[in-house]
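Visitor: Give me coordinates for this.
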Amino acid sequence: MITQARPKRKSSGARYHDHRKKKFYDAGSMPTLTKIGKTKIKTARVKGGILKVRVLLNDDANVYDPKTKKYEKVKIKTVVENPANRHFIRRNIITKGAVIDTDKGKARVTSRPGQEGTINAVLIK
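Guide: Take a look at the predicted model:
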């Protein structure tokens, strides 16, 4: 289990003695690195019994056009820019704030694909 509790070792290298077992509220998870591809979705149970939908792969996005004030489902070509990590661009990893190239033009991702289960974006000039 991936945990967000304190580590087993101190900064000096000495061990902490376990005072209790791991608890569910200590649980963490690996980051969901959403990529471009045929749609693949995973659900995960999180605290409170909530089911989170994680997008692992997706090749289309719900793009909002500010001029027409309408949404349209369009294909994603590639990731152009990603402020989260510059290495995500060549790996085509989509996170919130990433700029993607679509059939309608460039769009900035407004949703969190690894948390919300969908890719929403707004067209930019």
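
Visitor: Tell me how many other residues surround the nearest residue to Ser29 once chain neighbours are set aside.
Guide: Leaving aside its chain neighbours, Ser29 sits nearest to Ile2 (5.9 Å; criterion: CB to CB, 6 or more residues apart in numbering). C-beta: built from backbone N, CA, C; applies to glycine. Burial of Ile2, expressed as a neighbour count using other CB atoms under 10 Å, amounts to 9.

Visitor: For Ile2, give me its contacts.
Guide: For Ile2, the contacting residues are 27-30, taking CB atoms under 8 Å, 6 or more residues apart in numbering as the criterion.

Visitor: how close does the residue lying closest to Thr34 once chain neighbours are set aside sit to Thr3?
Guide: On the basis of CB to CB, 6+ apart, the spatially nearest residue to Thr34 that is not a chain neighbour turns out to be Pro113, at 4.0 Å. Shown here: Pro113 relative to Thr3, a distance of 24 Å by CB to CB, to the nearest Å.

Visitor: higher neighbour count, the two?
Guide: Using other CB under 10 Å as the criterion, Pro113 and Thr3 rank with Pro113 on top: 27 against 13.

Visitor: Look up how far Asn92 lies from that one.
Guide: 12 Å.

Visitor: I'd say the residue nearest to Thr34 and Ala121 touch.
Guide: No - here Pro113 does not reach Ala121: they are 10.3 Å apart, not a contact under CB atoms under 8 Å.

Visitor: Got phi/psi on the most far-flung residue of the chain relative to its centre?
Guide: What lies farthest from the middle of the chain is Ala14; by CA atoms, centre = their mean that is 35.5 Å. Phi and psi for Ala14, reported as degrees, to the nearest 10, are phi -70, psi 150.
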